[in-house]
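Participant: Turn this into a model:
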Amino acid sequence: MEASAGLVAGSHNRNELVVIHGHEEPKPLKKLDGQVCEICGDEIGLTVDGDLFVACNECGFPVCRPCYEYERREGSQLCPQCKTRYKRLKGSPRVEGDEDEDDLDDIEHEFYIEDEQKNRQSHIVDAMLHGKMSYGRGPDDEDINSQFPPIITGIRSQPVSGELPNGYGEQMAPSSMHKRIHPYPISEPGSERWDEKKEGGWKERMDDWKLRQGNLGPEPDDAYDPDMAMIDEARQPLSRKVPIASSKVNPYRMVIVARLVILALFLRYRILNPVHDAFGLWLTSVICEIWFAISWILDQFPKWYPIDRETYLDRLSLRYEREGEPSMLSPADIFVSTVDPMKEPPLVTANTVLSILAMDYPVDKISCYISDDGASMLTFEALSETAEFARKWVPFCKKFAIEPRAPEMYFTLKIDYLKDKVQPTFVKERRAMKREYEEFKVRINALVAKAAKVPPEGWIMQDGTPWPGNNTKDHPGMIQVFLGHSGGVDSEGNELPRLVYVSREKRPGFQHHKKAGAMNALVRVSGVLTNAPFMLNLDCDHYINNSKAVREAMCFLMDPQIGRKVCYVQFPQRFDGIDRHDRYANRNTVFFDINMKGLDGIQGPVYVGTGCVFRRQALYGYSPPKGPKRPKMVTCDCCPCFGSRRKAKKYAANGGDVEAASLQGMDDDKEVLMSQMNFEKKFGQSAIFVTSTLMEQGGVPPSSSPAALLKEAIHVISCGYEDKTEWGLELGWIYGSITEDILTGFKMHCRGWRSIYCMPKLAAFKGSAPINLSDRLNQVLRWALGSVEIFFSRHSPVWYGHKGGNLKWLERFAYINTTIYPFTSLPLLAYCILPAVCLLTDKFIMPSISTFASLFFIGLFLSIFATGILELRWSGVSIEEWWRNEQFWVIGGVSAHLFAVIQGLLKILAGIDTNFTVTSKATDDEEFGELYTFKWTTLLIPPTTILIINLVGVVAGISDAINNGYQSWGPLFGKLFFAFWVIVHLYPFLKGLMGRQNRTPTIVVIWSILLASIFSLLWVRIDPFVLKTKGPDTTQCGINC
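Facilitator: Below you'll find the predicted structure:
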């Protein structure tokens, strides 16, 4: 993949493909005619063919052949200008480091068949390494292709002509140019290992014979390998499951059981003791309490098996990064998605990209893909600036082990940045780098200011070409490789990870499926270009806070014991820029530190949309590998009572075994052919991409040229590619809900995969959260609406996935809870209004209770508090975070969740769809300034109305008690406690309404007072829960009253 290939834009359906080179302004090659060597001053000279000698094909720096040979033999082997390693030219002797090059023109090896055999064998080994580990960066040799599966071409496939061979390995027709009557006696790959075993066996027998003859004594103690301890350490597991201490978790489980029993007794008492003079209030409260009990069971029991995990990064390095050998760590494709650069500032996205490029992982194993679903030229130009700044930022981070590696976060940290720094040049280089970053910010700000006003003719690129994405709803697919194998080096000449810009094609009349569709496009593009076996997806505002985060995930995914059945590793979400008290529970610590730990002990955590490392094969819809089955007991015929009799198969003497084997082979061929015919229906009409799906360890066939891969990448992001395929139904990110993350993880768990929850000590990723009240409620509304959509879809966990039996019951409880929790808003709204109704009508939802019955209430409250305290004990969550979570459960329940249920029902019943709103990632210049910003939204009306009604009810209840005397204060305490419970839970909402100046917008006050007044007046006038007698009371006023 060439970094200087330019912007590739095109449409497969319209048969269009354009390559725009002018935007990048590549460095022109110097004119070489008549130049002299810049090192020694002699003339450059000519080659044996009569052409001008060119030492460096990258920049054309003038160097004569003697200086070129000396630099390769004695020097650094790098071009003095562009720092690119000199390649071996024709007629030049080999030096160290030339073994990876393809061309063989050495005179001494021209007629030696043995050397040619060795070279072919080494090429096969290199091909296996490059195919499995370097995914396409190996030599383009035809002999390598035997390791890759054949490209599957069906009836509807349209392969790129001239770019890929017709077949691979034994299926390839031999070329006439290489046809030999007597082929070289080369052995099959792996036969050398068998020869070594045979030779080792002979040596062991010889040593045994010498020992018997007395000529060979036992080995001394010092003959053992001194590195044996290190080898043993590398064989140990890469991770460990750490159960919660029994002293913490056992009391927690006992309290859960006790609470369940007390809850059953409490509900029994409530049902058997109705309130006859306020039957409506009593019935409403009992229905609400039953629903709360069901919701609590679904939420509580998936936390029955909480666990922690530990990873061993040193063992990972010992096993897969041996000294003197190429790294064997698996490659990873990293996805970053963005839509609107006005809501998701380019500087935020740039920091995320820079943290990815500088992460602690082999650079040839990382490829970063940026999905620009808004086709914005601002995002494109900002990414171009980011690629240039990365050439300076990445070597600085790796030289001084900087954490975090997002420059904005690093330079704003209020810590001692000199801690653990011993290099004398650190301070000087840090100051220079900070200046470079500030200049980079100024350039990005200039691009943002320029993009504020769109020119009438649309955006124009630097070479005068109109920007292909001027119409964001009708534009071709676009791909630009900013950093790649050629041209992707930093300021010190070291290679940088790949950086690829992707904007999928959009046309009117096609369904694009929002973020889920963009992620599936990235899966296909990466499958064509790099095809790493693992993928990490991040939101544009979630930067890598721990440079070893991907290594943490590989401790699970590459573990030979548990890794093969792990579909993804989910990291907790952590956030910057949240106020100290976390007024609106933005950190969501209870969910990430309690619920997710509990799920990890069952079948794994749910997928939460970002900070997740996937196994590519799991996203392709494949099932996990099954463990070896226990062999059936086989006995002889003498004991028929145990096991099954071994039946001897009779074969003909003339080759019956061979005939049976050939029939089995024919069946296998038919099976493969049928599966190939179904691949297009499943994955789409791309031969190269379908072939990549069969490569479990990843990799791209080396014979595929970069031009062919880019052309095929444009094909797989065309807007009609997913038609009549299983994308979004069984493959990739699943469609059908705006919370595609829940659906995607649910489908994997239903196939039998398990997931892992990884919580390193240093947070792996950090992002931004909307600390403003209105933005926070809109975010919760979007999540809740997605849950409602899933509940009414065919993928509802209530009825989906029972057939295979792969989803565990407690895991299903958790998924059911994630889809029905918005419906809790209906009983919660009623329960928050009940205190005010009781105070205004002087009625109560419970009858007068006896001393024995009061034990139920006391036991229920004690069990609730005990459960919470014990949860905090084993999870490490603070009591303030737990309380903020309880408060926002009520705030979100009576506002965002309520509107989500209404919108979901309107969409299901009336077909009225809602627009997807991107959460703003822009930050305020003042610290926590956004916290006090008020933004009008209808979500504020229900909680405000509930607050006013309860405050009016408290005033009315106290006034009534004062007027009626001392005997009315007793029943009042229960009602006041009920009302204050509601007000205290809504207190953060009240503070958000008041803002910094303690002033509330007029429209909120008017609507809330109006609704509360109307409700109160109607209640007093109708009084529906009080029994009325028909006609006058004749005992008091007589018959003629």
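Participant: How is the protein partitioned into domains?
Facilitator: The chain breaks down into these domains under the TED database: 36-95, 246-303+807-1022, 313-625+728-769.
Participant: Quick one: closest of the ones you listed to Arg240.
Facilitator: Closest to Arg240 of the domains of the chain is domain 313-625+728-769 (CB to CB; 9.6 Å). In this view, the C-beta of every residue, glycine as well, is placed from N, C-alpha and C.
Participant: Show me what stretch 238-245 is in contact with.
Facilitator: Stretch 238-245 is contacted by residues 249, 306-312, 315-316, 319, 554-556, 558-559, 562, 874 when judged by CB atoms under 8 Å, 6 or more residues apart in numbering.
Participant: in that stretch, what counts as buried?
Facilitator: Neighbour-count burial for stretch 238-245 flags 238-239, 244 (criterion: 16 or more other CB atoms under 10 Å).
Participant: For Pro768, list each beta-bridge partner.
Facilitator: No, residue 768 isn't Pro; it's Ser. Going by DSSP bridges, Ser768 is paired in beta bridges with Asp576.
Participant: Make TSV out of the buried residues of stretch 238-245 and add secondary structure.
Facilitator: Shown next, in TSV, are those (DSSP: H, G, I helix; E, B strand; the rest coil):
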residue	secondary structure
Leu238	coil
Ser239	strand
Ile244	coil
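Participant: Tell me the one among those nearest to Ser959.
Facilitator: Of the buried residues of stretch 238-245, the one sitting nearest to Ser959 (CB to CB) turns out to be Ile244, at 51.5 Å.
Participant: picking up where we left off before, hey, which of the domains of the chain is tucked in deepest?
Facilitator: Highest mean neighbour count among those (mean count of other CB atoms under 10 Å): domain 313-625+728-769, with a mean of 20.
Participant: So, low pLDDT: which residues of the stretch 901-1041 of the chain?
Facilitator: Residues of the stretch 901-1041 of the chain that meet the criterion pLDDT under 70 lie in 913-936, 965-968, 970, 994-1007, 1009-1011, 1013-1041.
Participant: Apply 90 and report the result again.
Facilitator: Scanning the stretch 901-1041 of the chain with the threshold set as pLDDT under 90 gives 903-941, 943-945, 947-1041.
Participant: what's the answer for the stretch 201-350 of the chain, then?
Facilitator: For the stretch 201-350 of the chain, the stretches with pLDDT under 90 are 201-238, 242-244, 273-281, 318-319, 321-327, 340-344.
Participant: the helices in it, which residues?
Facilitator: 228-234, 246-272, 279-300, 313-320, 346-357 (DSSP state H, counting those that start in this stretch).
Participant: Please name the nearest non-neighbouring residue to Val95.
Facilitator: Arg72 (5.1 Å; CB to CB, 6 or more residues apart in numbering).
Participant: Now Tyr369. Its backbone dihedrals?
Facilitator: When quoted as degrees, to the nearest 10, the phi and psi of Tyr369 stand at phi -110, psi 130.
Participant: quick one: it and Leu828, what's the gap?
Facilitator: Applying CB to CB, to the nearest Å, one obtains 42 Å for the distance of Tyr369 from Leu828.
Participant: Equivalent analysis for Arg72, please.
Facilitator: Computed as CB to CB, the Arg72 to Leu828 distance reads 75 Å.
Participant: So what's the model's average confidence on stretch 19-30?
Facilitator: Average pLDDT, stretch 19-30: 51.
Participant: who's in contact with the strand or helix carrying Phe411?
Facilitator: Under the criterion of DSSP states H and E, Phe411 resides in helix 407-412. Contacts with helix 407-412, where a contact means CB under 8 Å, 6+ apart, come from 347, 351, 354, 393, 402-404, 433-434, 437, 440, 543, 545, 576, 766.
Participant: Show the subsequent helix or strand relative to it.
Facilitator: Later in the chain than helix 407-412, the nearest helix or strand by DSSP H and E is helix 426-451.
Participant: Report all helices and strands that whichever helix or strand comes after that next one contacts.
Facilitator: Of the helices and strands lying after helix 426-451 in sequence (DSSP H and E), the nearest is strand 477-483. Counting contacts by 3 or more CB pairs under 8 Å, 6 or more residues apart in numbering; DSSP states H and E, strand 477-483 packs against strand 7-11, helix 377-400, strand 498-503, helix 706-716.
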